[in-house]
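# sequence and predicted model, in that order:
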Amino acid sequence: MGFEKFYSVPSLLKQGRVLSAGMDVVSFDLFDTLLIRRIHDPDLVKLPVARFIAARAREHDLAWSWQRVQKLRDDIEKRHRAETGSKFVDHEACYPRFMLELLETIFGEELGPSLLQDVTGYELFMENSMLVPRQPLVDWLVELSGQGKRIFILSDIYLPAAHLRVLVEHAGILPYVEDVVSSADSFLAKASGKGFDLVRERYGLAGRSWLHVGDNPVSDGLRPSEAGITALVLHDASEKHRKAVVKRYVNYSGGRPFWRGRALQQLMQPLEAENGERPELYVEGYNFLAPLIGGFVQHIAEQCRARGITKVFFLSREGWTFKRFWEKAMPYLFPDGRLPGIEYLYVSRMALAGASCAVQGLTRANADIAFLPPGNRDFRDVCRIFNFEIASLEHHLQRFGLAADACLSPLHEGFDPWNRVRFYDLLEDPAFQEEIRSQVAASSEALQRYLADVGFFGHERVALVDIGWLGTIQRFLFEAVQHRQDCPVCHGFLFAANRGIPYPASMKNDIEGVIYDRHRFDMAGSTILYARDIFEEACRAPHPTLNGYQLTDDGYTLQFRGVEDDIGQAELQQDRYFSPLQQGLFDAAERYGAASALLGYSLGDYKPWFNLLMVGKLAFPRTAEVANIRHKHHLDDFHGRHVPKKVHVKETRQLWDHPLWRLACDPLLRIRFFLRHLRERIKE
């Protein structure tokens, strides 16, 4: 009896439905039939497991590199297969046996067995991350089960049936299957035909009409047909082409770093039922933002392990997105669990600005920060930002010849440089500073209580994670607590740092721009500056901004901005608009973690490809991309409502600020802005 070969899933299903109508039993091969692999080579899943074992070995002061672990595993598995081949026709190995020997060789007979469950769990975890149900065949299997057919899954692999059931259950197939059979349990495989004899005898299938479906022409075609079983073999050309593409990118990445990020994205791509119709914003979140944020949080985790940082505080509101991504991706990348604790910290520039003055007063540097946004003009804006009561400060202004509405910003009409000089003199006045300290004392105390509640002062070293750009939130936060003896060393990690003003770095307080940092010349990475607001809006938490900390009799309360006014409603509308983008970002988080763990690369490896993504998306976007991604409403309470002189408005206009008709009709617009961007970066 021969077997039929099909070159597409629809053609196999068409014939399979005809044949199955007269069958009592239907069996399926598991890998590359019911489940397809994201990766071209299944042995690559072993590599992150080797890195996991090597990490555990380092915890016990054992000098084992992951390459050495992998070689030992290969040698032991090869020997086990040879021993099996001396007794059975099939040269099979059994995972629990050779993995136990591997662990006992590395860790000793006492410790090794205790690690087997953890190692097995992680290997199956990684296997599941690289397996996707082939939906049409799974649907057919469910259909056959509903018709009362006896359904079996047969596989030639070193994983025993108990492990395969974990994979089958994860795919949602187990309830429809009578049993799962693996050659690792009996050393009788489909490849020799012995596996089919075993199943027929074990489950009483003699005399039953039987259909088998698989992808191997020998194991799933020739052998079952020799045993009198009707066989259908799938030779899916499109699937083989997809794997060839993956193989090419992975192989390229070995010697050409540029392709490492491309290989990462290829492994992250949704397959089968995952790859349905999605909004364009979802696709942008999945394909563009997710790899960048993945590289960002992976770098932070690696730095925390290297520097002995024991707690990561994600600063609101963009930190909410970073924290969720971390939670989804890190279990794949660091299965040993040697990671710092994480906490979402409710902070904002507005909430921390006043508290930063409780001990040191209002410094000249912080006052200058208040006038960076072009919408801030005078002392009233300073009071709004730092939460000062202007009435009790007016007599101090009068002593220095200033009025509350005196223009202090050179970007506005009516600016007199002498007013700025008088303002700086005011900042040197002890009476003025004492009044400032008294006004913000309560909010500062409320902040201290909040930070104590979240364990901020219980660590020697902490990481502060924010979107960027000047590090103002970390600056204000550290200045508010630096006087305390239990103030931790603060390592800041910004998605991008443009360092528009110098940051007061010290041994206890530093910042690093991860994707882009002005202190590292990175022309491609600097294209983030084209559209900073987009990253803020896309990563923003779905709750109002924090206005401040209020001291109460029993502790403190967090004061959030209301959403009842027009600005609050506009922000809610913006959140709803960007929700598909965030969903795409979160859906890609696990895919990033699994793909990066399998490849074994880090941000430095992916950065050349990320640079290409950023230049293409930000400096040379399609008009449709700008229309989709550009923010509709951008709330910034730090920014006042004064209108600067027109000349300064024109100077600050960016490519993404132009109307869509201009982006569509002006062929040189992007080139002009890119050349301007190059000049500005070179001058820096």
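Received it, and whenever you're ready, just let me know what you need.
# where does the residue nearest to Gly85 when sequence neighbours are not counted land on pLDDT?
If the residues on either side of it in the chain are set aside, Gly85 comes closest to His91, at 3.9 Å by Cβ to Cβ, 6 or more residues apart in numbering. Placement of C-beta: from N, CA and C, glycine included. Per-residue pLDDT puts His91 at 94.
# low pLDDT regions in the stretch 451-600 of the chain?
Residues of the stretch 451-600 of the chain meeting the criterion pLDDT under 70: none.
# picking up where we left off before, and the residue nearest to Gly85, how far is that from Asp197?
His91 sits at a distance of 18 Å from Asp197 (criterion: Cβ to Cβ, to the nearest Å).
# can you give me the pLDDT of Ser443?
According to the prediction, Ser443 has pLDDT 96.
# by mean pLDDT, point me to the weakest helix or strand of this structure.
In the chain, no helix or strand scores lower on mean pLDDT, DSSP states H and E than helix 646-651, which sits at a mean of 66.
# about what we covered before: comparing His91 and Asp197, which residue is more hemmed in?
Relative neighbour count places His91 above the other of His91 and Asp197, with 17 against 13, counting by other Cβ atoms under 10 Å.
# so the more buried one, which of the three states?
Reduced to three states with DSSP: H, G, I helix; E, B strand; the rest coil, the structure at His91 is coil.
# residues in contact with it?
Contacts for His91 were tallied using Cβ atoms under 8 Å, 6 or more residues apart in numbering; they are Arg81, Ala82, Thr84, Gly85.
# quick one: buried ones out of those residues?
A residue is treated as buried here by neighbour count (16 or more other Cβ atoms under 10 Å); on that basis the buried members of those are Arg81, Thr84.
# quick check, nearest of the contacts of His91 to Ala237?
Lowest distance from Ala237 to the contacts of His91 (Cβ to Cβ) belongs to Arg81, with 31.2 Å.
# roughly how far out does the helix or strand containing the closest one sit from the chain middle?
Following DSSP states H and E, one finds Arg81 within helix 66-85. A distance of 34 Å separates the centroid of the chain from that of helix 66-85, by Cα atoms, centre = their mean, to the nearest Å.
# which helices and strands does it pack with?
With contacts defined as 3 or more Cβ pairs under 8 Å, 6 or more residues apart in numbering; DSSP states H and E, the secondary structure elements packing on helix 66-85 are helix 46-59, helix 95-107.
# ok, residues contacting the longest one?
Contacts to helix 46-59, defined as Cβ under 8 Å, 6+ apart, come from residues 63-70, 73, 102-103, 106-107, 115, 118-119, 122-123, 126, 332, 335-336, 338, 597-598, 600.
# look up the closest residue to the most centrally placed residue in the chain, ignoring the ones flanking it.
For the chain, the residue nearest the mean C-alpha position is Gly294 (3.3 Å; Cα atoms, centre = their mean). For Gly294, ignoring the flanking residues on the chain, the nearest one in space by Cβ to Cβ, 6+ apart is Tyr592 at 3.6 Å.
# what about that neighbour, how many residues nearby?
When neighbours are counted by other Cβ under 10 Å, Tyr592 comes out with 29.
# can you list the buried residues in the helix or strand hosting it?
Using DSSP H and E, the secondary-structure element containing Tyr592 is helix 566-599. Applying a neighbour-count criterion of 16+ other Cβ under 10 Å, the buried positions in helix 566-599 are 571, 574-575, 578, 580-599.
# then stretch 507-526?
For stretch 507-526, a neighbour-count test (16+ other Cβ under 10 Å) marks 509-518, 522, 524-526 as buried.
# quick one: mean pLDDT for stretch 216-224?
Mean pLDDT, computed over stretch 216-224, is 96.
# now the end-to-end length of it.
Using Cα to Cα, to the nearest Å, the span of stretch 216-224 from its first residue to its last is 11 Å.
# how about stretch 447-463?
Distance between the boundary residues of stretch 447-463 (Cα to Cα) amounts to 18 Å.
# who touches that stretch?
When contacts are defined by Cβ under 8 Å, 6+ apart, stretch 447-463 is touched by residues 300, 303-304, 307-313, 340-341, 343, 345-346, 351-352, 355, 480-481, 484, 486-493, 549, 551, 555-556, 558.
# go on, stretch 516-531?
Counting contacts by Cβ under 8 Å, 6+ apart, the residues touching stretch 516-531 from outside are 494-499, 513, 515, 535, 607, 610-612, 614-615, 618-619, 629-630, 654-656, 673, 677-678, 681, 684.
# quick one, helices of the stretch 351-500 of the chain?
357-360, 364-370, 379-386, 394-399, 417-427, 430-453, 472-481 (DSSP state H, counting those that start in this stretch).
# what helices or strands is the first one leaning on?
Which is helix 357-360. Where contact means 3+ Cβ pairs under 8 Å, 6+ apart, helix 357-360 is packed against helix 430-453, helix 472-481.
# how far does that helix sit from the chain's center?
Once both centres are worked out by Cα atoms, centre = their mean, helix 357-360 turns out to sit 37 Å from its chain's centre.
# quick one: average pLDDT of that helix?
Per-residue confidence for helix 357-360 averages out to 96 on the pLDDT scale.
# buried ones in that helix?
Using 16+ other Cβ under 10 Å as the test for burial, helix 357-360 gives Cys357, Ala358, Val359.
# same question, the fourth one
Applying a neighbour-count criterion of 16+ other Cβ under 10 Å, the buried positions in helix 394-399 are His396, Leu397.
# low-confidence ranges in the protein?
Those would be 1, 631-637, 648-652, if you go by pLDDT under 70 across the chain.
# quickly list the domain ranges of it.
Using automatic domain parsing, the domain ranges for the chain come out as 4-38+130-235, 42-129, 239-268.
# start to end distance for the second one?
Domain 42-129 has its terminal residues 12 Å apart, counting by Cα to Cα.
# same deal with the shortest one?
Here the two ends of domain 239-268 are set 16 Å apart, with distance taken as Cα to Cα.
# please renumber so the chain begins at 480
From this message on, residue numbering opens at 480, which makes the last subject domain 718-747.
# for it, which positions count as buried?
By neighbour count, and taking 16+ other Cβ under 10 Å as the criterion, the buried residues in domain 718-747 are 718, 721-722, 725, 728-729, 732, 736, 738-747.
# restricted to helices, list the residues you listed.
Among those, the residues falling in helices (DSSP state H) are 718, 721-722, 725, 728-729, 732, 738-747.
# is Gln1038 in a helix, a strand, or coil?
strand.
# contacting residues around it?
So, once contact is read as Cβ under 8 Å, 6+ apart, Gln1038 ends up touching Ala830, Leu1025, Asn1026, Gly1027, Tyr1028, Gln1029.
# pick out whichever of those residues sits closest to Pro654.
Within the contacts of Gln1038, proximity to Pro654 (Cβ to Cβ) peaks at Leu1025, which comes in at 47.0 Å.
# contacting residues around that closest one?
In this structure, Leu1025 makes contact with Ser795, Tyr825, Val826, Ser827, Met829, Ala830, Leu1037, Gln1038, Phe1039, Arg1040, judged by Cβ under 8 Å, 6+ apart.
# tell me the one of these nearest Leu943?
Top of the list for closeness to Leu943, among the contacts of Leu1025 and by Cβ to Cβ, is Val826 at 9.1 Å.
# measure the residue lying closest to that closest one once chain neighbours are set aside to His938 for me?
Across the structure, with Cβ to Cβ, 6+ apart as the measure, the residue nearest Val826 apart from its sequence neighbours is Leu794 (5.3 Å). In this structure, Leu794 lies at 16 Å from His938, with Cβ to Cβ as the measure.
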